[in-house]
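Colleague: dropping the sequence and predicted coords here.
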Amino acid sequence: MRKLILGLAITLDGYIEGPNGEYDWCFTDQDYGLNDFFERIDAIFIGRKSYEMVQQQSDNSNGEAISGMPALTEYVFSKTLTSVKEGAVLISGDSIAEVRRIKNQPGKDIWLFGGALLYNALMKEGLVDELWMSVHPILLGNGKPLFREQDGRTRLRLLESKTYETGLVSIRYSIENTLMHD
């Protein structure tokens, strides 16, 4: 079965975006393990807001939304979109059932790119297998937090950590179990 990997940049105080949706605090001066990650995956799950943001970024940078990203099967999760770009797959029905079906198909691992509603729903259902966080050495003080309240504890097991000279720390965890209540 393919693994679903939530891979995101995050601030030290737990935000994935600033208060106005900005992500200008993300380091882009080097690869930070992204190219190795790209070798592990062949698909990306993305919510509507993140999809629209990536499309806008792509339009502003000659078609390359994320530097060095290979061609991936793009699954766009939305209840409101009626169409997506050519080659992408729109998931508008039972997203949990679709994620289970796609994870059981042959292929490499899947990048859960965003958005917050999508990954929180998939975390709650126990469908996320790994967390790969690029922790940036900045405190935003406000913005969109990575996780919303959970129903219980989630145990993680450290798979890898790497510290860069910029102060960014890349950490990768497997999700051991979820919903452990006090």
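Modeller: Alright, I've got the coordinates. What you see is a predicted model, and the numbers here were worked out from it, not measured in a lab.
Colleague: for this structure, give me the ranges with low pLDDT.
Modeller: For the chain, residues meeting the criterion pLDDT under 70 lie at 59-67, 177-182.
Colleague: mind checking how far the spatially most central residue of it is from Glu74?
Modeller: With distances taken as C-alpha atoms, centre = their mean, Phe113 lies nearest the centre of the chain, 2.6 Å away. Phe113 sits 9 Å away from Glu74, going by C-beta to C-beta, to the nearest Å. Glycine gets a C-beta too; all of them are placed from N, C-alpha and C.
Colleague: pull up the overlap in contacts between these two.
Modeller: 44, 46 (C-beta atoms under 8 Å, 6 or more residues apart in numbering).
Colleague: thinking again about what came up before, wait, the residue nearest to the centre of the chain sits on Ser50?
Modeller: Yes. Counting by C-beta atoms under 8 Å, Phe113 does reach Ser50; the two are 6.0 Å apart.
Colleague: chain center to the helix ranked longest in the chain, what's the gap?
Modeller: Looking across the chain with DSSP state H, the single longest helix is helix 48-60. Mean-position distance between helix 48-60 and its chain equals 14 Å (C-alpha atoms, centre = their mean, to the nearest Å).
Colleague: strands of this protein, start to end?
Modeller: Taking DSSP state E as the criterion, the chain carries its strands at 4-11, 15-17, 41-47, 73-77, 89-91, 109-114, 130-136, 144-145, 153-163, 169-180.
Colleague: hang on, the earlier thing: got a list of what the residue nearest to the centre of the chain touches?
Modeller: Applying C-beta under 8 Å, 6+ apart, the residues near Phe113 are 7-8, 44-46, 50, 54.
Colleague: again, only using 6 Å
Modeller: Counting by C-beta atoms under 6 Å, 6 or more residues apart in numbering, Phe113 touches 44, 46.
Colleague: fine by me, we can end here.
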